[in-house]
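>>> 3D, please:
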Amino acid sequence: MTALSSSKMQGKLSMRRYKDDEEFRILDEEDEWMQPKILMKPDDQLDLSPEELKEEFTRILTANNPHAPNNIVRYSFKERCYKMKMGVDQLAVHFSMDGNMLHKESDEGRRQLTRLGLGDGAAMGEQSLNEVELLAEEDLEVEGETEETERDVPKEVPTVKPPETALRNQFNYSERASQTFNNPYRERGTSTEPPPRTNFSATANQWEIFDAYQEDLERQERQKEKQKSRDKETERRGNNKSSAPEAGQSEEIQRIGKPAKIVERMVNQNTHDEIAQDFKYWEDASDEFKGNEGTLLPLWPFKSEKAKKLSVTAVVFNPEYDDMFAVGHGSYDFLKQGSGLICVYSLKNPSFPEFTYTTESGVITLDFHPEHPWLMAVGFYDGGVAVYNLREKTNEPSYSSSAKNGKHTDTVWQVYWQENDLDNNLNFFSISSDGRVTCWSLIKNELHNTDIILIRLNTRAELDPGAGGLDLACGTCIDFHKSTDYLFLVGTEEGKIHKCSKHYSSQYLDTYNAHHMAVYAVRWNTFHPRVFASCSADWTVKIWDHNYSEPMFTFDLGNSVGDVVWSPYSATVFGAVTDDGQVHIFDLSQEKYSPLCQQSVVQKKKTKVNHLAFNKHYPVILVGDDRGNALTLKLSPNLRKCLKDKAYSTENEVAKMEKLLELVREPAAEENEK
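Numbers count the residues shown, from 1 in each chain. All right, here's what the predicted structure looks like:
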């Protein structure tokens, strides 16, 4: 047993030595062919200091595919709409190839080996692998015994080489290679013939240019006449076609048109009977116990389906028909500009407007002619102005401005009708952000403009006409004196108010440093010839005497003031609206420091009230908000005491305001004397 174990031990030792010698021989052969490492340094490499070399630059690698789409839309048959696909596959496959390798122990692999006659070879390979595993186990068993008998048994050189076992892999690999065919390059070229050229030369002088302009003008006139004749012919044909088969129907419709409108108003009056009763008979009995304070009663809301996403930009009552008023719809947001809308309502029919006009640009301002109540001047956001005739049954304006006849280059903030000029032509004024105050005259079928004054940024009394347009200020509002027709006020975006005259186009009569921000409205008093009011985005309303540079009264309303209007029945009553949705009614003869009424009139928060208008005959005011709604409100008895006063007259109203001004001026005069 000892001899057998010693022989086995010597055999194992000889195998180990043989393996070690073989490994060293392979390493030596590799070292002979291994090339030494040479550090190659480029010529343009930067020389960095040790601190710069130690600096770490962190790079974050993500598994997201930058080329994966994130806006894939799929149609959902369940919800019947297109929906965004939330999960995006971030896997990017760079290379894929279908292989044909099979595991040799699988059923298909055994069948192929048997078919090729390699079944015995495969078995021999498995047998050799098993023998190697058994030898490895025996090495582990005798390893302990070898250490014990190593001292007693002498070492001998192995004489018999161990049998070499061929280690084979469990898989059968097949090496395949293919060479692709490179497509040959092809060149294609095309040649084109150059276009024919002709030389032309001519001499242009003044009379040739004049003749060319005359010919062009005549050509335009002929085109206009042809277009008018075509329109008349088309209209005549349309009337003949419609009147021939439907003459009886059209006559019946015209015959019942007016009765149908009367019936519609009667139905609306029955539907809104409670509001109609409040409009006529409501008196707030609690005013007797409130001192001077009053309230506003909401009456009819006026809104149109077409004006849902538009803001109310102008409200004005008709000067002759007390129940009729116009509402302009547009937008003050530069990024949300689109078409505009004009709705003409009547208090007798709150459910639907009497007239509607759709405009290409947003409506900013409106004004009815005081003597011709069917004419309405309109100013647009794109700088255009137009005149609509309510008698004409068409959506197009009767007069409109264009780039040819001096259209404004910026938003028109206000239009104002004036008395007829010396030629008895109707005219109105407009003010724009381009710094121009322009007079528009209605001559024949066109608008003719004349710039009255250019608003400058400098405050000098003498304005330089040749200074160019770089120092032009932005005009925001305008109002003309009630009795002196050539005197008017101009408010600017810089917070200043200029008193101007039609007769002096290059000079201001006076300048007031009124506000710190843009002036939104300026209004002359209805009765007193020297008093006017102004409001601004700096939260204040100020009452002025145009002979003094300082305001008589200043009221801080706590939010941006969108509009201020004097009442038509009292010299001391005025109203204002703010961006927090509140209406403020003041009466200076009763309370000089706070409003008699401060009431919120909007249903939703963050709704701004933009404009305000008083009715001349009824104790009703009209307000418009930025959601396209116009609301009528009735004044309580404390807010319209002067209407019940028997001593009411224009002279008494002027005297009442003059008395207030004297009370304000006396302390100031005493301080100046001291």
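
>>> for the stretch 351-500 of the chain, just list every one of the helices.
Assigned by DSSP state H, counting those that start in this stretch, the helices in the stretch 351-500 of the chain number zero.

>>> where are the low-confidence patches of it?
By pLDDT under 70, the low-scoring segments of the stretch 351-500 of the chain are 458-470.

>>> what's the burial count for residue 194?
When counting by other CB atoms under 10 Å, one arrives at 5 neighbours for residue 194. C-betas here are computed from N, CA, C, even on glycine.

>>> and it, which of the three is it?
Following DSSP: H, G, I helix; E, B strand; the rest coil, we place residue 194 in the coil state.

>>> so what pLDDT did it get?
Looking at residue 194, its pLDDT stands at 86.

>>> and residue 23, by the same measure?
Reported pLDDT for residue 23: 52.

>>> now the end-to-end length of stretch 70-79.
Length of stretch 70-79, first residue to last, CA to CA, to the nearest Å: 21 Å.

>>> now the strands for the stretch 51-200 of the chain?
Using DSSP state E, counting those that start in this stretch, the strands found in the stretch 51-200 of the chain span residues 73-76, 81-84.

>>> mind putting those strands in CSV, mean neighbour count and distance to residue 521 included?
Listed next are the strands of the stretch 51-200 of the chain as CSV, based on neighbours: other CB atoms under 10 Å; distance: least, CB to CB, whole Å:
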stretch, mean neighbour count, distance to residue 521
strand 73-76, 10, 49
strand 81-84, 10, 47
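
>>> can you tell me how far the residue nearest to residue 452 when sequence neighbours are not counted is from residue 414?
Take residue 452 and drop its neighbours on the chain: the residue closest to it by CB to CB, 6 or more residues apart in numbering is residue 437, 4.7 Å away. Per CB to CB, to the nearest Å, residue 437 is found 10 Å from residue 414.

>>> between those two, which has more neighbouring residues?
More crowded of residue 437 and residue 414, by other CB under 10 Å: residue 414, with 24 against 21.

>>> would TSV of the strands of the stretch 51-200 of the chain with distance to residue 391 and mean pLDDT be doable?
Shown next, in TSV, are these (distance: least, CB to CB, whole Å; pLDDT from 0 to 100):
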stretch	distance to residue 391	mean pLDDT
strand 73-76	52	89
strand 81-84	48	90
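
>>> turn the ones you listed into CSV, columns for distance to residue 545.
Formatted as CSV, those follow (distance: least, CB to CB, whole Å):
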stretch, distance to residue 545
strand 73-76, 66
strand 81-84, 64
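
>>> hmm, back to that, give me the beta-bridge partners of the residue nearest to residue 452?
On the basis of DSSP bridges, residue 437 is bridged to residue 431, residue 453.

>>> ok, it touching residue 449?
No - taking CB atoms under 8 Å as the definition, residue 437 is not a contact partner of residue 449, at 10.8 Å.

>>> and the residue lying closest to residue 618 once chain neighbours are set aside, how far is that from residue 341?
Nearest residue to residue 618 in three dimensions, chain neighbours excluded: residue 322, at 6.4 Å (CB to CB, 6+ apart). According to CB to CB, residue 322 and residue 341 sit 23 Å apart.

>>> who has more neighbours, the two?
Between residue 322 and residue 341, residue 341 has the larger neighbour count (other CB under 10 Å), namely 20 against 14.

>>> for the more buried one, give me its contacts.
304, 306, 307, 310, 328, 329, 330, 356, 357, 358, 359, 363 (CB atoms under 8 Å, 6 or more residues apart in numbering).

>>> of the residues you listed, buried ones?
Buried subset of the contacts of residue 341 (neighbour count, 16 or more other CB atoms under 10 Å): 304, 307, 310, 328, 329, 330, 357, 359, 363.

>>> may I see those residues arranged in CSV, with distance to residue 402 as well?
Formatted as CSV, the buried ones among the contacts of residue 341 follow (distance: CB to CB, whole Å):
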residue, distance to residue 402
304, 28
307, 26
310, 24
328, 21
329, 23
330, 19
357, 18
359, 14
363, 18
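
>>> residue 269: neighbouring residues, count only.
14.

>>> on the three-state scheme, the residue lying closest to it once chain neighbours are set aside is what?
Leaving aside its sequence neighbours, residue 269 sits nearest to residue 276 (CB to CB, 6+ apart; 5.6 Å). Secondary structure state of residue 276, per three-state DSSP, is helix.

>>> looks like residue 276 contacts residue 268 (just checking).
No - using CB under 8 Å as the test, residue 276 is too far from residue 268 to be in contact (9.0 Å).

>>> list the contacts for the residue nearest to residue 618?
Applying CB under 8 Å, 6+ apart, the residues contacting residue 322 are 615, 616, 617, 618.

>>> that'll do, ta.
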